[in-house]
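> Have a look at this prediction, sequence included:
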Amino acid sequence: MLKFIEQPRYSCAIGAQQTVVAIKRGVPILHAGPGCSAKVSDIIGQGEGYAGGNNIPCTNTGEADVVYGGEERLRNVIDGALKVMDGDLYVVLTGCTSDIVGDDVGRVTAEYQQQGKPIVFAETGGFKSNNYVSHEVVVNAIIDQYVDINYKGEKTQKNLVNVFTTVPYQDPYWNGNLEELKRILEGIGLKVNILFGNESKGVSEWKTIPQAEFNILAGAWTGLGIVKHLEEKYETPYLHFPYIPIGGIETTRFLREVAEFGNLDKTKAEVFIKSEEEKYYSFIERTADFMLEFRYGLPRRFYTILDASYSLGFSKFLLNELGIIPAKQFIIDDTPEIYRKQIEQQFLKISDFRTSSVSFSIDGGEIQKEIRQEQQKNRALILGSGWDRDLANDIKADLLIVSAPVTYRLILNCGYAGYRGGLRAIEDIYDRVLNTYR
């Protein structure tokens, strides 16, 4: 029996091209059929980056390559990319065609590695997984084929950490989130390899990954394969904070856990936390009159139609800091079964007084159907994607677009992580609420 999935909110495995695009001067090279890269860019690729969008070199494999093999075509494209694309790191990614045919992409790439070219490869045939999983595959491939080769046994750098969180571009707010995470972690005394985006030093920063004292993962499950791989490879311990810290309460919790795990100077950490909290809550206090005056017109409950990291982070923030009650939460990242129980447990303790039900589904149509069938007694807030605009209009709910596809927002460096991200979230949510008043 055929089953159609409506409203996809992530891409197939080759979507990991965006992981490469997010690396400063990183160049993806696709050994795939025509159109694959463009489709990825359409759903999660807002902004081309240094070598993304229409700039991505691709073999555009066709019928002849299926019959006779596409390795020679791949060599030609790599040769051209090395001549034309001025990059610091090149990452060859496979599509469905080359993976099914069985082209030896590893052997072809190794020829260039032996010439000293900064190039690696990863198998990302679309049928193998989604881009949440292939993000880990690509990062681990870079570590094994590039970072490790350049690692000469340098000593661990005191207080140096590698930070891993949501998937670049799949999370539309990835760059702003990384900037804030780096800022607050440096505030408590750490040196931070952020690895992606504007605040990263690019491949020179990647080369110091093995020198970190410990790794930090801020997210539900994506990235666990990376930090566990680094623990096995370099014996680097890791701290797993199981969601994105948003707002005052959870950001403070996050920083204290990091300070405790890294055995940092507690006094210095607390001075920074106190300073940030004072600024954060001073802005919150200014909203007291607004919250009181408009209390009957504000959203009373919320739905999240997001990946696990954002769903948990926003659920804790909205309930514990804004007092909005959780309805049912929907997780749309195709969370592997082995992680679902842990995530459900987190929703059972999103506060000391309340729990929230959660459902794992990748079918946006089914999710929207379920929400429409619920009795809409009070004004609701939906945190979802551009797919959910009609749903919000139909049930007269407010919509904050957090997940791909974004469609109706332009995002430059906005982020929702940390203290500053919490304030931005409040502004964005109530901007939409106030826009409905006449």
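Received, thanks.
> Which parts of the stretch 1-150 of the chain are strands?
Secondary structure of the stretch 1-150 of the chain (DSSP state E, counting those that start in this stretch): strands located at 26-31, 89-94, 119-122.
> taking the mean pLDDT, what do you get for the first one?
Across strand 26-31, the average pLDDT comes to 96.
> what bits of this structure have low per-residue confidence?
Within the chain, the stretches with pLDDT under 70 are 1-3, 64-69, 296, 437-438.
> Which helix runs longest in it?
Determined from DSSP state H, the single longest helix within the chain is helix 266-286.
> Mind giving me the packing neighbours of that helix?
When contacts are defined as 3 or more C-beta pairs under 8 Å, 6 or more residues apart in numbering; DSSP states H and E, helix 266-286 packs onto helix 174-187, helix 247-261, helix 418-434. C-beta coordinates here come from the backbone N, C-alpha and C atoms, glycine included.
> thinking again about what came up before, would CSV of the strands of the stretch 1-150 of the chain with distance to Lys349 and mean neighbour count be doable?
Output for these, formatted as CSV (distance: least, C-beta to C-beta, whole Å; neighbours: other C-beta atoms under 10 Å):
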stretch, distance to Lys349, mean neighbour count
strand 26-31, 39, 28
strand 89-94, 39, 27
strand 119-122, 37, 25
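> could I get those strands as TSV with distance to Val406?
As requested, these are exported to TSV (distance: least, C-beta to C-beta, whole Å):
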stretch	distance to Val406
strand 26-31	21
strand 89-94	23
strand 119-122	26
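> and of these, who's closest to Ala425?
Proximity to Ala425 (C-beta to C-beta) singles out strand 26-31 among the strands of the stretch 1-150 of the chain, at 29.5 Å.
> Only C-alpha atoms, please: export the closest one in PDB.
Output in PDB follows, covering the C-alpha atoms of strand 26-31 (Å, rounded to 0.1, in the frame of the first residue of the first chain):
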ATOM      1  CA  GLY A  26      34.100  24.800   2.300                       C
ATOM      2  CA  VAL A  27      33.100  23.500  -1.200                       C
ATOM      3  CA  PRO A  28      30.700  20.600  -1.700                       C
ATOM      4  CA  ILE A  29      31.100  18.500  -4.900                       C
ATOM      5  CA  LEU A  30      28.100  16.300  -5.800                       C
ATOM      6  CA  HIS A  31      28.400  13.100  -7.600                       C
END
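> For the remainder of this discussion, apply numbering that starts at 27.
Happy to do that; since the first residue is 27 now, the last one works out to strand 52-57.
> Show me the contact partners of stretch 247-260.
Residues outside stretch 247-260 that contact it (C-beta atoms under 8 Å, 6 or more residues apart in numbering): 158-159, 161-162, 165-166, 169-170, 174, 188, 190-193, 235-236, 241, 243, 262-264, 266, 333-335, 359, 361-362, 365, 369.
> Can you pull the domain assignment for the protein?
Listed domain ranges for the chain are 39-176, 186-308, 311-460 (source: automatic domain parsing).
> Around Gly179, how many other residues sit close by?
6 (other C-beta atoms under 10 Å).
> again with Lys403
The burial count for Lys403: 8, using other C-beta under 10 Å.
> picking that back up, ranking the helices and strands packed on helix 292-312 by burial, who's on top?
helix 200-213 (a mean of 23; mean count of other C-beta atoms under 10 Å).
> what's that helix packed up against?
Helix 200-213 packs on strand 186-190, strand 217-219, helix 273-287, helix 292-312, helix 444-460, going by 3+ C-beta pairs under 8 Å, 6+ apart.
> one more time with 6 Å
strand 217-219, helix 444-460 (3 or more C-beta pairs under 6 Å, 6 or more residues apart in numbering; DSSP states H and E).
> Now render those as a markdown table, adding distance to Trp200.
Output for the helices and strands packed on helix 200-213, formatted as a markdown table (distance: least, C-beta to C-beta, whole Å):
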| stretch | distance to Trp200 |
| --- | --- |
| strand 217-219 | 15 |
| helix 444-460 | 12 |
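> Which of those sits closest to Glu205?
Checking the helices and strands packed on helix 200-213 against Glu205 by C-beta to C-beta gives helix 444-460 as the closest, at 9.0 Å.
> which outside residues touch that closest one?
Glu206, Ile210, Ile272, Gly273, Thr277, Glu302, Tyr306, Phe309, Asp424, Leu426, Gly441, Tyr442 (C-beta atoms under 6 Å, 6 or more residues apart in numbering).
> Check the gap between the last one and Gly448 for me.
Distance, Tyr442 to Gly448, using C-beta to C-beta, to the nearest Å: 7 Å.
> What of the first one?
If you measure Glu206 against Gly448 using C-beta to C-beta, the figure is 10 Å.
> Next: the third one.
Between Ile272 and Gly448 the computed distance is 5 Å (C-beta to C-beta).
> quick revisit: any chance of TSV for the helices and strands packed on helix 292-312, columns distance to Gly349?
As requested, these are exported to TSV (distance: least, C-beta to C-beta, whole Å):
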stretch	distance to Gly349
helix 200-213	24
helix 273-287	12
helix 444-460	12
